[in-house]
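S.K.: predicted model, plus sequence, below.
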Amino acid sequence: MSNRDTLFSAPIAKLGDWTFDERVAEVFPDMIQRSVPGYSNIISMIGMLAERFVQPNSRVYDLGCSLGAATLSVRRNIQAEGCQIIAVDNSPAMVERCRRHIDAFRADTPVEVIEADIRAIHIENASMVVLNFTLQFLEPAERQQLLNTIYQGLKPGGALVLSEKFSFEDSEVGELLFNMHHDFKRANGYSELEISQKRSMLENVMLTDSVETHKQRLHNAGFEHAELWFQCFNFGSLIAVKASDA
Ligand SMILES: C[S@@+](CC[C@H](N)C(=O)[O-])C[C@H]1O[C@@H](n2cnc3c(N)ncnc32)[C@H](O)[C@@H]1O
Ligand SMILES: O=C(O)C(=O)C[C@]1(C(=O)O)C=C[C@@H](O)C=C1
């Protein structure tokens, strides 16, 4: 079982910027489950999407794989033969644990876990790409380029799953959903101090976009189809599909 996240329960004198270090990796399953509304639904439904979208003899990329939760869900559900999963993360602490998690289960589809920056990854012969709460950690100016690369590397009929924390153009709704997210964290046992310390650490490194901005970028990248398929408060997931005659 995963360790409980108590990283920010005591006052921290000098709050630095957020990083995915050893301490975060150690408690990550508990942290993400208690912080992201709908996370476990999204993980299991990524498996359902894999069943539908993964094509024989193609690749699946899990970009910003952390401990490999999405990779494992995809691997459990792939029906097609001759596939390979490439899981990428630039945090050594995550990659080391991810390799152990993946190796703990037996399956036919091989998984390669790569310690690298997702901005430097070449994508080819992909039928599915997963960005599960990762794009939000790139500089906003770098997000379009990554989506362009993904579209180029996808086979016709291939899909990108893009899950993110959202901001909202309607400030009234934005404030409501932001507060609902905090209620969710409180209900999951986080104190006001834990919530506010983590929020300050994330402030400079996790800049959120609206659903409209995400859709616009996906269309700019070339995706013929893009729609929100899941939302819980200010967290959700889009599916973007490359046309089968592209
Ligand atoms: C919120 S976590 C993703 C959760 C994971 N996809 C899941 O479904 O459990 C974000 C991950 O992206 C990784 N990351 C952030 N920026 C990255 C980059 N430029 N290249 C590679 N990995 C990156 C972090 O190290 C972290 O593990
Ligand atoms: O916005 C928050 O408060 C979060 O905790 C979000 C979030 C995320 O979306 O990735 C941030 C960092 C951790 O990886 C887990 C969750």
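M.R.: It's in. Numbers count the residues shown, from 1 in each chain. Ligands and ions are numbered 1, 2, ... in the order given.
S.K.: near ligand 2, which residues of the protein?
M.R.: Within reach of ligand 2 by CB under 6 Å from any ligand atom, the chain has these residues: 31-32, 35-36, 133, 165, 198, 202. All C-beta spots, glycine's among them, are computed from the backbone N, C-alpha and C.
S.K.: now do 5 Å
M.R.: The chain has residues 32, 35, 133, 165 near ligand 2, with proximity defined as CB under 5 Å from any ligand atom.
S.K.: for the last one, helix, strand, or coil?
M.R.: Secondary structure for K165, judged by DSSP: H, G, I helix; E, B strand; the rest coil, is strand.
S.K.: is it in a bridge, and if so with what?
M.R.: Note on K165: beta-bridge partners by DSSP bridges are F235.
S.K.: may I ask you to confirm that it is in contact with F137?
M.R.: No: in this structure, K165 is not within contact of F137 by CB atoms under 8 Å, at 10.5 Å.
S.K.: those two: which is more packed in?
M.R.: Neighbours were counted for K165 and for F137 using other CB atoms under 10 Å; K165 has more, 21 against 15.
S.K.: let me see the contact set for the more buried one.
M.R.: Residues in contact with K165 (CB atoms under 8 Å, 6 or more residues apart in numbering) are 36, 133, 136, 206, 208, 234-235.
S.K.: now for K165 and F137: what residues contact both?
M.R.: M206.
S.K.: ends of stretch 103-123, how far apart?
M.R.: Terminal residues of stretch 103-123 lie 24 Å apart, using CA to CA, to the nearest Å.
S.K.: SS state for E169?
M.R.: coil.
S.K.: so which strand or helix has G189?
M.R.: If you go by DSSP states H and E, G189 is not part of any helix or strand.
S.K.: report how many residues lie close to it.
M.R.: A count of neighbours around G189, defined by other CB under 10 Å, yields 13.
S.K.: following element in sequence after the helix or strand where R99 lies, please.
M.R.: Assessed by DSSP H and E, R99 sits inside helix 92-103. Following helix 92-103 in sequence order, the next helix or strand is strand 111-115 (DSSP H and E).
S.K.: contact partners of the next helix or strand after that following strand?
M.R.: Using DSSP H and E, the helix or strand that follows strand 111-115 in sequence is strand 126-132. Defining contact as CB under 8 Å, 6+ apart, one finds that strand 126-132 is touched by 42-43, 46, 49-50, 53-55, 58-64, 69-71, 74, 80, 83, 123, 146, 150, 153-155, 157-163, 237.
S.K.: out of the residues you listed, which touch ligand 1?
M.R.: Counting by CB under 5 Å from any ligand atom, 64, 69-70 from the contacts of strand 126-132 sit close to ligand 1.
S.K.: any idea which of these is closest to ligand 2?
M.R.: G64 (9.2 Å; CB to the nearest ligand atom).
S.K.: returning to what we had before: name the residues of the helix holding R99 that are buried.
M.R.: Neighbour counts over helix 92-103 (16 or more other CB atoms under 10 Å) mark 93-95, 97-99, 101-102 as buried.
S.K.: closest to D245 among these?
M.R.: Checking those against D245 by CB to CB gives I102 as the nearest, at 35.0 Å.
S.K.: test my guess that the closest one contacts L72.
M.R.: Yes: between I102 and L72 there is a contact under CB under 8 Å: 6.9 Å.
S.K.: so how far is M180 from the residue of the chain found nearest ligand 2?
M.R.: Closest residue of the chain to ligand 2, CB to the nearest ligand atom: S35 (3.5 Å). As judged by CB to CB, to the nearest Å, S35 and M180 stand 13 Å apart.
S.K.: got the contact list for D245?
M.R.: P156.
S.K.: returning to what we had before: in a markdown table: the residues of the chain next to ligand 2, plus pLDDT.
M.R.: Listed next are the residues of the chain next to ligand 2 as a markdown table, based on pLDDT from 0 to 100:
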| residue | pLDDT |
| --- | --- |
| I32 | 97 |
| S35 | 97 |
| F133 | 98 |
| K165 | 98 |
